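Engineer: can't give you the sequence, but here's the structure:
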């Protein structure tokens, strides 16, 4: 079985790459994509762990872009790490600046916290700030922290630094990565059909059709559009580790590894597409 969207402690997941690989293998996953936000730092550990579990690692990441003033995420599969490393360092620095701005906003509102320390190559984000609010006693749960301060357009929210969908897609393709729109129906900046056309015009190569937040009718629409535009079909659980509160906050009842039971056959076209970009 195939999992093409998972996170580790190098972004906002709760499992280390080693723990994620072991959990995926025990769940029947045979090919696993490590797609942390704006970083490739978990790859080496994942590859090392994979050799112990007989599992294939699909190197990837989830790139943050901004479209119509809203966050839009693009998965990139099989990038050339050497080409992508410097641009990603710039994106990581932007994430640190964004997190610091949110911390400053919270302090101005009377809710002082310390930005949690992160390992080199790790991308801090709102979940880390939410945890800090809980630790400081300002919130009883991460969900409360999001609802009160960190939700999109909340009083402490800070938008990502401007990085357009065209820039994101160009960056990924220039580094040999296959760009795929992540969880389209979670996007809040426009109608999916219209945004998809813009992404296709910008060079998009695939769509994450299968995602826990997508209904059966939405999945069918996305499959039809993929057929119409000649796009790759991918999917994944968007697994962040054992954290029911986080899943509830994102509007997903629960996410489990291999919950979508995706066939390995979906991976080969992605490999072919990646080879065409080299």
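Structural biologist: Everything's here; your move. Since the model is a prediction, treat every value here as computed from it, not as a measurement. Numbers count the residues shown, from 1 in each chain.

Engineer: which one's the longest helix in the chain?
Structural biologist: helix 81-108 (DSSP state H).

Engineer: against which helices or strands is that helix packed?
Structural biologist: When contacts are defined as 3 or more C-beta pairs under 8 Å, 6 or more residues apart in numbering; DSSP states H and E, helix 81-108 packs onto strand 56-67, helix 126-135, helix 165-174. Bear in mind the C-beta positions are built from the backbone N, C-alpha and C, glycine included.

Engineer: that helix - what's its average pLDDT?
Structural biologist: Across helix 81-108, pLDDT averages out at 90.

Engineer: report the angle between it and helix 165-174.
Structural biologist: 150 degrees (axes from the mean of the first three to the mean of the last three C-alpha atoms, to 10 degrees).

Engineer: following the worst-scoring helix or strand of the chain on mean pLDDT, which helix or strand shows up next?
Structural biologist: Here the helix or strand of the chain ranked lowest by mean pLDDT, DSSP states H and E is helix 244-249, holding a mean of 51. Toward the C-terminus, helix 244-249 is succeeded by helix 267-277 as the next helix or strand (DSSP states H and E).

Engineer: touching, residue 60 and residue 78? I think so.
Structural biologist: Yes. Using C-beta atoms under 8 Å, residue 60 is in contact with residue 78, at 7.2 Å.

Engineer: so between these two, which is more surrounded?
Structural biologist: residue 60 (28 against 21; other C-beta atoms under 10 Å).

Engineer: follow-up on the earlier one: which residues do residue 60 and residue 78 both contact?
Structural biologist: residue 177 (C-beta atoms under 8 Å, 6 or more residues apart in numbering).

Engineer: about what we covered before: please name whichever of the helices and strands packed on helix 81-108 is nearest to residue 278.
Structural biologist: helix 165-174 (10.9 Å; C-beta to C-beta).

Engineer: give me the pLDDT value at the closest residue to residue 186 other than its chain neighbours.
Structural biologist: In space, and not counting its chain neighbours, residue 186 is closest to residue 213: 5.6 Å by C-beta to C-beta, 6 or more residues apart in numbering. Per-residue confidence (pLDDT) for residue 213: 94.
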